[in-house]
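**Student:** The following block contains a protein sequence and its predicted model.
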Amino acid sequence: MPLALLLAIIAAACSGDDERHLQILFDSERSGNQDIFVMRDDGKEVRQLTDAPGRDYEPNASDDGSMIVFVSDRAGGEGAQLYLMRSDGSEVRRLTFSQGESDTVVDDYAHWSPDGRTIVFQRTIISEIARGRDADIWLIDIETGEERQLTDTPDAWDSTPSFSADGRSILFESNRDGDFDLYRLDLATSRVVNLTNAGGTDLESSQSPDGSRIAFGSNRDGDFEIYVMDADGSNVRQLTDNAELDRCPHWSPDGKLIAFYSDRNGDREIYVMNADGSGVRQVTDAPGNDEVPNWLVKP
């Protein structure tokens, strides 16, 4: 092997840049419509991945960075369904087909399993006949399309699910015991454990890659801030503290950073901070709301 090539390979390895650098997925209204975008984690090199009639939002990337699931109402009607695409925006295909004849169905808040085989999501049914709304947690196999309902609480709202780091359980929020708290559902036993009970609304839980901590949003102190706690619900710590809204935390793959959105500077923008709440930096600054950040490891 030529010496120059060998030195280049060694330099790339030492720098950590093996063409798998971190990017951030998000949805934005900056194009005049709500679409999916991706950018470097410093906010540079923003690229638009979707550009179809209707709203595309809430993107979530598979752990290997090859696929993205997102929500869209591009099929028409009042509801929304889940779609899959490659991480470059190609090969878009519809994943769920749940729209009923008399009910409006919204499939959203999708999250990949660690093995990339299944997706957990929230299904909301708005009944024209019963004049009611019901949200539950569902699971879908991305190859077969086979679905499995995980919760069934007609008198409660189960929402915003995410997989645990080991893929054995689902985190979600529910008002089944009064106000919205965080819960963990064991996929093998269907046992549900309450993780928070502090008053206010706790939502949008995300477990750290090593499984030790859970980040979430809460307005328990008056307005929505980002919090972190141990995986069993203990040792709760507040990470952000300002008068505006901070929501939707997501851990970086190495567990060192947390991305979230905030409207602290006017409209909603994407921010990144260290896992202990320090080093907060604004990543986007564009007209229209930028929301729901999710990390993408470039393959």
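**Tutor:** Alright, I've got the coordinates. Residues are numbered from 1 along each chain as shown.
**Student:** Over stretch 113-129, what's the mean pLDDT, rounded is fine.
**Tutor:** Mean per-residue pLDDT for stretch 113-129: 92.
**Student:** quick one: buried residues of stretch 86-93?
**Tutor:** Of all the residues in stretch 86-93, those buried under the rule 16 or more other C-beta atoms under 10 Å are 87, 89, 92. Yep, even glycine has a C-beta here, placed from its N, CA and C like the rest.
**Student:** shaky segments in this protein?
**Tutor:** Across the chain, the stretches falling below the confidence threshold (pLDDT under 70) are 1-20, 100-101, 128-131.
**Student:** how about the helices in it?
**Tutor:** Residue ranges of the helices in the chain, as given by DSSP state H, are 3-15.
**Student:** can I assume residue 259 is in contact with residue 271?
**Tutor:** Yes: counting by C-beta atoms under 8 Å, residue 259 does reach residue 271; the two are 7.1 Å apart.
**Student:** Can you pull the residues that touch both of these two?
**Tutor:** Any residue near both residue 259 and residue 271 by C-beta atoms under 8 Å, 6 or more residues apart in numbering counts here, and that gives residue 283.
**Student:** which one is residue 249 nearest to, not counting chain neighbours?
**Tutor:** Counting by C-beta to C-beta, 6 or more residues apart in numbering, the nearest residue to residue 249 once its immediate chain neighbours are dropped is residue 215, at 4.0 Å.
**Student:** The one you found: neighbour count?
**Tutor:** The number of residues packed around residue 215, counting by other C-beta atoms under 10 Å, is 22.
**Student:** Quick check: the gap between it and residue 78.
**Tutor:** Shown here: residue 215 relative to residue 78, a distance of 32 Å by C-beta to C-beta, to the nearest Å.
**Student:** And residue 236, by the same measure?
**Tutor:** In this structure, residue 236 and residue 78 are separated by 38 Å, where distance is defined by C-beta to C-beta.
**Student:** Which of the two has more residues huddled nearby?
**Tutor:** For residue 236 and residue 78, the more surrounded residue by other C-beta under 10 Å is residue 236, and the numbers stand at 17 against 12.
**Student:** can you pull the contacts of that one?
**Tutor:** The neighbourhood of residue 236, defined by C-beta under 8 Å, 6+ apart, consists of 196, 198, 227, 228, 229.
**Student:** In strands, which of the residues you listed fall?
**Tutor:** The strands, defined by DSSP state E, take in 227, 228, 229 from those.
**Student:** among the residues you listed, who's most crowded?
**Tutor:** Comparing the ones in strands among the contacts of residue 236 on neighbour count, residue 227 comes out first with 24 neighbours (neighbours: other C-beta under 10 Å).
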